[in-house]
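Student: Next comes the sequence, and after it the predicted model I'd like to discuss.
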Amino acid sequence: MSTSRIDKMRVLYPEKFVSKDKAFGHIHRGDRLFIGTGCGEPQYLIRALVAYVEANPMAFFDTEILHAWTMGIAPYMDEKFTPNFRANALFIGTTDRDAVNKGFVDYTPVFLSRVPELFYRRLLPIDVAMIQTSPPDKHGYMSLGISVDMTKEAVTSAPLVIAQVNTNMPRVHGDAFIHIDHVNFIIPYDEPLLEYKPGIPDDIAYQIGKYVARIIEDGDTIQVGYGSIPNAILANLRTKKHLGVHTELLTDGIVDLMQAGVIDNTKKSVDRGKAVATFCMGSKATYDFVDDNPAIEFRTIDYTNDPLVIARHQRMAAVNNALGVDLTGQATAESVGKTFFNGIGGIVDFMRGAILAERGKAILTLSSTTLDENFSRIVPFLGEGAGITLNRGDIHYVVTEYGIAYIHGKSIRERAMQLIAIAHPKFRPWLIEEAKKANLIYKDQMFILGKKGEYPEELETYKVTKSGLEIFIRPTKISDEPLLKELGHHLSNQTIYRRFFSTRTDMPHEYLQRFVIIDYTEKMAIFAMLQHEQKEEIIGVGRYFIDKSAYTADVMFVVRDDYQHQGICRELLSYLTYLAKKQGLLGFTAEVLLENTPMLNLFRQFGRKEGFGMKEKIESGVVHFNMKFRGA
C-alpha cells in the first residue's frame with residue numbers, strides 16, 4: 001500500500017522525485033546541513049552524500065554537518081573529507097568522541113531543550129535538513145518516526161529538505177508529522193533502522209537499579225536515560241504500579257514495562273494516558289510497538305525537555321547518569337577532566353524540572369569507580385576542565401552500588417559524609433582525609449578502615465510493631481550523626497536518664513560520632529526508622545557491645561518518647577537477638593534502672609517467651625540482667 005502511495009505521489013509531485021545527485025547538487029559551499037538523530041539517521045542518504053563528494057570533490061566546500069547524536073554512520077568525519085565537511089556535535093557519542101577531543105569535530109554545548117529555538121531564531125541557521133520518514137499517508141503526511149526531537153524544527157527552518165522515505169520507519173503519534181509540501185526532494189529507500197543495544201547490566205548496575213527502585217513510588221512519572229544502568233533501573237521497577245512516562249528517550253526497557261502493565265500513564269498530571277518521548281533508540285520490536293500506537297506520543301524536544309513542562313508533572317522522577325560527583329554535590333555528565341565525553345544533553349532540563357515539580361525527585365546515578373576500579377567517581381572536588389553539568393542545588397539523590405545519599409537541603413558537611421558513605425570502601429579513607437584538609441567535615445572525624453567498618457546492607461529489614469506501625473530497621477551509617485542528634489532533641493530528660501544513667505542533655509559531635517562509627521566485629525547498632533518520602537527519621541535505637549571473654553553482649557535501647565509503648569523496643573530486641581545468635585553469641589547482659597518498669601517488663605516477658613536462661617541481680621537501684629539464649 002505504501003509503495004502505491006509513493007507511486008501516486010510521484011505523479012502528483014514529479015519534481016520531488018529526483019536522483020540523489022540532483023538533490024545533492026542543491027547543496028552549496030558553506031551550508032549548514034542537519035542530519036536526523038540517533039537511530040533515525042538516514043543511513044542511505046549519508047552514504048550517498050559521501051559517495052557524491054568522492055565522485056565530485058569540487059562540488060562544495062566547508063559544509064558544516066550538524067548532528068545531535070550519531071550512531072556510527074558518519075563517514076564524513078574521515079580526514080580526507082576535511083575540505084568538504086566539518087562536523088559539529090550537539091551531543092557526543094562513541095563515534096565522534098575521539099574526533100572531538102582531537103579537534104577534528106566541533107562540539108556545541110547546549111541544553112537540548114533550547115536547540116529548536118536556535119534553529120527558528122536563526123542563531124544556528126539550518127540550510128539543509130537530511131531526514132528519514134515513513135511513507136506519506138493518503139493526506140500527504142509523513143512521520144518522522146523515531147527521531148522527532150529537534151528534527152521537526154530543522155525541517156521547518158531549512159530551505160532545503162531531503163527525505164529518505166523508508167517503509168521500516170514507524171508512523172508515530174504526536175508532533176511527528178510533516179507534509180510532503182515541506183519536503184523538497186524524496187529519495188525512497190528501504191533499509192533496517194539502526195538499533196541500539198546497551199550492554200547487559202552487570203552486578204553493579206543491577207544493585208544501583210535496586211536502590212533506585214526504592215526511591216520510585218507507585219504513580220510516579222519517570223524519565224530514564226540510556227545505557228546499562230538505566231536498563232537495570234527499569235528492570236527493577238516491575239513490581240511498581242501505575243507509572244507514567246515523560247522522557248526524552250524511549251527505550252526497550254520502557255516498552256517492556258508498558259507491555260507488562262507497570263507503565264499505564266493513568267496517574268499523570270500532564271498528558272494523562274500517554275507515554276511522551278521525543279526520540280527512540282532500541283530494537284526492531286520496540287519500533288514495531290510504537291508504530292501507530294495511540295498510547296505513545298512523540299513531541300518536539302522543546303516540549304519534552306522544557307523544565308517548566310516537566311515541573312508541571314506531579315511526582316516527576318528524573319533518573320540520570322553522571323561521570324563524577326564531588327563531595328559538595330557538583331556533578332559532571334559531560335567530561336572527564338579536560339576530555340569531552342558526552343554532552344549536556346537533557347540531564348539539566350530533566351533534573352531541574354524534577355526539582356521544581358511538586359513531590360519531584362532528581363536522582364543521579366553512577367558506579368562508585370571507573371571500570372578498572374583505579375579511580376573513584378566520587379571525588380573531593382571535580383578536576384580541572386570538568387564541565388559542571390549539575391550544580392550543588394540540582395540533585396536530590398545520589399545513588400551508587402553502595403547506597404543512597406539524599407543531599408537536597410543538606411549542609412556541605414552533611415552531604416560530604418553522605419557521599420563518602422556510598423563511595424567505594426577502598427576510597428573512603430582517602431575521601432575522609434581530603435575532606436578534612438578542605439574543612440568540609442570535622443577535623444576529628446572518626447573512621448574505621450577495612451571490612452569491619454563497612455555498612456552491612458544485608459541487615460536492613462522492615463517490621464510491623466504490635467500497634468501496626470511499619471518501621472524500617474537498619475544498621476547505623478557514618479553519615480547518621482545529624483539524624484541521631486535530631487533523635488536526642490526529641491528525648492525527654494527522664495528518657496535520657498533512664499537510658500544513659502546521666503542527666504547530660506547536650507550532644508556534641510565528639511560524643512555523637514562514637515554512636516555512629518561502628519566496628520561491626522565488636523558491636524552492633526540498629527535504628528528503627530520512619531521513612532517520609534525524602535526524609536528518614538530515627539525513632540528508636542538498639543545497640544550491643546560484645547564481651548569477647550564471655551562471648552555475650554551488653555544490650556541497650558532508647559525509643560523516642562512520642563513512640564514509646566508501641567512495640568518498637570520489642571522489635572529491636574527481637575532483631576538484635578537474631579543478629580547476636582547469627583554471630584554465635586551466647587546471650588545478653590543488660591543494666592536497667594529499677595524505676596524503669598517498662599524496660600524491666602520487656603526483658604522479663606521477652607526472655608520467658610524466647611526461653612532465655614534469666615538471672616537478675618539488684619545493686620544500688622539498678623537491675624543487672626544475665627540472659628542466656630536457649631541452647632547456649
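Tutor: Looks like it came in fine.
Student: Now do the strands in the stretch 301-450 of the chain.
Tutor: Assigned by DSSP state E, counting those that start in this stretch, the stretch 301-450 of the chain shows strands spanning 316-321, 324-326, 331-332, 335-336, 339-340, 361-365, 378-379, 397-400, 403-406.
Student: Make JSON lines from the ones you listed and add mean pLDDT and mean neighbour count to it.
Tutor: For the C-beta atoms, the positions are set from N, CA and C on the backbone; glycine is no exception. Shown next, in JSON lines, are the strands of the stretch 301-450 of the chain (pLDDT from 0 to 100; neighbours: other C-beta atoms under 10 Å):
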{"stretch": "strand 316-321", "mean pLDDT": "97", "mean neighbour count": "27"}
{"stretch": "strand 324-326", "mean pLDDT": "97", "mean neighbour count": "24"}
{"stretch": "strand 331-332", "mean pLDDT": "96", "mean neighbour count": "26"}
{"stretch": "strand 335-336", "mean pLDDT": "91", "mean neighbour count": "21"}
{"stretch": "strand 339-340", "mean pLDDT": "93", "mean neighbour count": "17"}
{"stretch": "strand 361-365", "mean pLDDT": "97", "mean neighbour count": "26"}
{"stretch": "strand 378-379", "mean pLDDT": "98", "mean neighbour count": "24"}
{"stretch": "strand 397-400", "mean pLDDT": "97", "mean neighbour count": "24"}
{"stretch": "strand 403-406", "mean pLDDT": "93", "mean neighbour count": "22"}
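Student: Distance to Lys80 added to those, as TSV?
Tutor: Formatted as TSV, the strands of the stretch 301-450 of the chain follow (distance: least, C-beta to C-beta, whole Å):
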stretch	distance to Lys80
strand 316-321	35
strand 324-326	36
strand 331-332	34
strand 335-336	28
strand 339-340	24
strand 361-365	40
strand 378-379	40
strand 397-400	44
strand 403-406	49
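Student: So for Asn84, which of these sits nearest?
Tutor: Each of the strands of the stretch 301-450 of the chain has some distance to Asn84 by C-beta to C-beta; the shortest is strand 339-340, at 23.7 Å.
Student: Show me what the closest one pairs with in its sheet, parallel or antiparallel.
Tutor: strand 335-336 (antiparallel) (DSSP bridges).
Student: what's in contact with the strand it pairs with?
Tutor: Applying C-beta atoms under 8 Å, 6 or more residues apart in numbering, the contact partners of strand 335-336 are 323-324, 341-342, 385-387.
Student: swap in stretch 232-239?
Tutor: Applying C-beta under 8 Å, 6+ apart, the external contacts of stretch 232-239 come out as 201, 205-206, 208-210, 212-213, 216, 222, 224, 243, 251, 253-254, 256-257, 260, 262, 319, 365.
Student: repeat that with 6 Å
Tutor: Under the contact criterion C-beta atoms under 6 Å, 6 or more residues apart in numbering, stretch 232-239 has outside partners 201, 205-206, 209-210, 212-213, 224, 253, 262, 319.
Student: Let me know the helix or strand that Leu193 is in.
Tutor: Assessed by DSSP states H and E, Leu193 sits outside every helix and strand.
Student: Could you report the pLDDT at it?
Tutor: Note for Leu193: predicted pLDDT of 97.
Student: And for the one 3 residues further on?
Tutor: The predicted structure scores Tyr196 at 91 on the pLDDT scale.
Student: Repeat that for Ala285.
Tutor: Reported pLDDT for Ala285: 97.
Student: For it, give me the backbone phi and psi.
Tutor: Dihedral pair for Ala285: phi -60, psi -40, per degrees, to the nearest 10.
Student: need the helices for the stretch 101-250 of the chain, in chain order.
Tutor: For the stretch 101-250 of the chain, the helices defined by DSSP state H, counting those that start in this stretch occupy 115-120, 151-157, 203-215, 228-235.
Student: how about the CA coordinates for the longest one, as PDB?
Tutor: Extracted as PDB, the C-alpha positions of helix 203-215 are listed here (Å, rounded to 0.1, in the frame of the first residue of the first chain):
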ATOM      1  CA  ASP A 203      26.000  -6.700  39.200                       C
ATOM      2  CA  ILE A 204      27.000  -3.100  39.900                       C
ATOM      3  CA  ALA A 205      24.300  -1.700  37.600                       C
ATOM      4  CA  TYR A 206      21.700  -4.100  39.000                       C
ATOM      5  CA  GLN A 207      22.500  -3.100  42.600                       C
ATOM      6  CA  ILE A 208      22.100   0.600  41.600                       C
ATOM      7  CA  GLY A 209      18.800  -0.300  40.000                       C
ATOM      8  CA  LYS A 210      17.600  -1.900  43.200                       C
ATOM      9  CA  TYR A 211      18.400   1.200  45.200                       C
ATOM     10  CA  VAL A 212      16.700   3.500  42.600                       C
ATOM     11  CA  ALA A 213      13.600   1.200  42.800                       C
ATOM     12  CA  ARG A 214      13.300   2.000  46.500                       C
ATOM     13  CA  ILE A 215      13.000   5.700  45.600                       C
END
